[in-house]
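what's the 3D shape of this:
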Amino acid sequence: MRNLRSKSSDQTFWVSYADLMAGLLFVFILLIGAIIIKYVYAQSDLVAIQTDLDAQKQALMLSEEELLQKKRDVESVTHKLIASQEQNLELTTLQARLQAELSKLKSDVSTTEEALLAARALLAEKGKALEDKEVKLELSAKEVENLKRLLLEVENERDENKGALLLAQTELSNTSNTLKLKQGELALLSQKLLDTSLAHQRLVEDLNITKVRIKNLTGIRIKVVEELKSKLGQKINIDPNSGAIRLPSGILFDVGSYELKPEAKKQLKETLQPYLEVLLNDADIRDNIDHIMIEGHTDSDGSYMHNLDLSQKRAYAVMAFIYSWDENKNALLQRYISAIGRSYSDRIFKNGIEDKDASRRIEIKFSLSNKKAINEIETFLERKE
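As a prediction, the model looks like this:
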């Protein structure tokens, strides 16, 4: 019955363990999904921002090209203005010379008529040239006005372009700041994912260590059975699963009696003494033993209560015989050994028929304590909280 409860407890533990790991895996998958979605949205925002920046850069490049073209036009008009100013200077110089010549002619007018006529002709010719120059000068003045107006327009447009450029630079700075914030969020998410992965790895490592420890604890029974086989050899059959031994009642007791046969005591001691030494002398094994049970069993002949009393007394007789070996060990025996009668509640059948000889028996069996395994599990769970 205790073995069944132990198996049920083990099954409940592994089911709980499977549920725990499934829950952890589900939470981890949700966290990974959330991080991936956040990363995809961040990438989409970055692509949109980059597209806007490219468009703004293209617009700025077009504005700069237009500004350069205006500057080239201004430089062309400026060159024309300089040329006109040079021509105006030449005309001023020529006019000064003409004035000088006219003054000279006036001073010599009384000299000869021919000189006067020549001077008049020359003056008329020079006057006509001067009129032509003045017409050209008027045209140049109009061009200068046009150039001034064009230059003013260029300056205004340049100021507007400067304002647009400053606005674009401000937007570019804001966009860069936004991009840095997005990159910072992405770095934080990456760090959080790394921390979560490390925590999950540590959790798996701790769980694997605990599983190994629990497996070692549950492997105690195998170790005990092997020790018993090594000590007892082939003298008696040991159950490979439970480590229990069966002693036929016919060897130990007369029919209907619960007193040990004198000739059976030596054989019983040779069997039980090494069996108990394996269980109780080794501290590592003893710490994992819950109790050692001596069970008396009968066949179905007679009433249940009669057989219960007989099986109980036979189990007590074997326990009393063990206590008689060494009184110094009685305290240790009291801690672990107990006796019970089972009547015919656990008979042995062969081919569906009760084997009465095999049913009449004394069984010595032990049960392991699962306290260490439970403490390992509780310690692991408390460390994870």
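
Would you check that K313 makes contact with S257?
No: taking contact to mean C-beta atoms under 8 Å, the distance of 9.2 Å between K313 and S257 leaves them out of contact. Quick note: C-beta positions are derived from backbone N, CA and C, even for glycine.

can you pull out the helices in the stretch 51-200 of the chain?
The residue ranges that make up the helices of the stretch 51-200 of the chain, judged by DSSP state H, counting those that start in this stretch, are 113-218.

Break this structure down into its domains, please.
24-217, 221-370 (automatic domain parsing).

what's the most buried one of the ones you listed?
Most buried of these, by mean neighbour count (mean count of other C-beta atoms under 10 Å): domain 221-370, with a mean of 16.

For the helix or strand S311 falls within, which helices and strands make contact with it?
Element membership for S311 (DSSP states H and E) is helix 304-323. On a contact count with 3 or more C-beta pairs under 8 Å, 6 or more residues apart in numbering; DSSP states H and E, helix 304-323 meets helix 249-252, helix 262-280, strand 289-297, helix 330-336, strand 337-341, strand 361-368.

Tell me which of those sits nearest to Y41.
Evaluated over these, closeness to Y41 peaks at strand 361-368, with 56.4 Å, by C-beta to C-beta.

chain center to the closest one, what's the gap?
Taking the mean C-alpha point of strand 361-368 and that of its whole chain, the gap between them comes to 51 Å (C-alpha atoms, centre = their mean, to the nearest Å).

just checking, what packs against that strand?
Counting by 3+ C-beta pairs under 8 Å, 6+ apart, the elements that strand 361-368 packs against turn out to be helix 2-107, helix 220-232, strand 245-248, helix 249-252, helix 262-280, strand 289-297, helix 304-323.

will you turn those into JSON lines that also has distance to A358 and mean pLDDT?
Output for the helices and strands packed on strand 361-368, formatted as JSON lines (distance: least, C-beta to C-beta, whole Å; pLDDT from 0 to 100):
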{"stretch": "helix 2-107", "distance to A358": "21", "mean pLDDT": "76"}
{"stretch": "helix 220-232", "distance to A358": "20", "mean pLDDT": "71"}
{"stretch": "strand 245-248", "distance to A358": "8", "mean pLDDT": "90"}
{"stretch": "helix 249-252", "distance to A358": "10", "mean pLDDT": "91"}
{"stretch": "helix 262-280", "distance to A358": "17", "mean pLDDT": "89"}
{"stretch": "strand 289-297", "distance to A358": "9", "mean pLDDT": "92"}
{"stretch": "helix 304-323", "distance to A358": "14", "mean pLDDT": "95"}
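
nearest to N174, of those?
Proximity to N174 (C-beta to C-beta) singles out helix 2-107 among those, at 10.2 Å.

and S242, how far is that from V47?
Here the distance between S242 and V47 works out to 69 Å (C-beta to C-beta, to the nearest Å).

ok, now Q95?
From Q95 across to V47, the span is 72 Å (C-beta to C-beta).

Kindly report the same for I82.
52 Å.

what's the answer for R72, then?
In this structure, R72 and V47 are separated by 38 Å, where distance is defined by C-beta to C-beta.

Repeat that for N88.
For N88, the distance to V47 - C-beta to C-beta - is 61 Å.

Lovely, talk soon.
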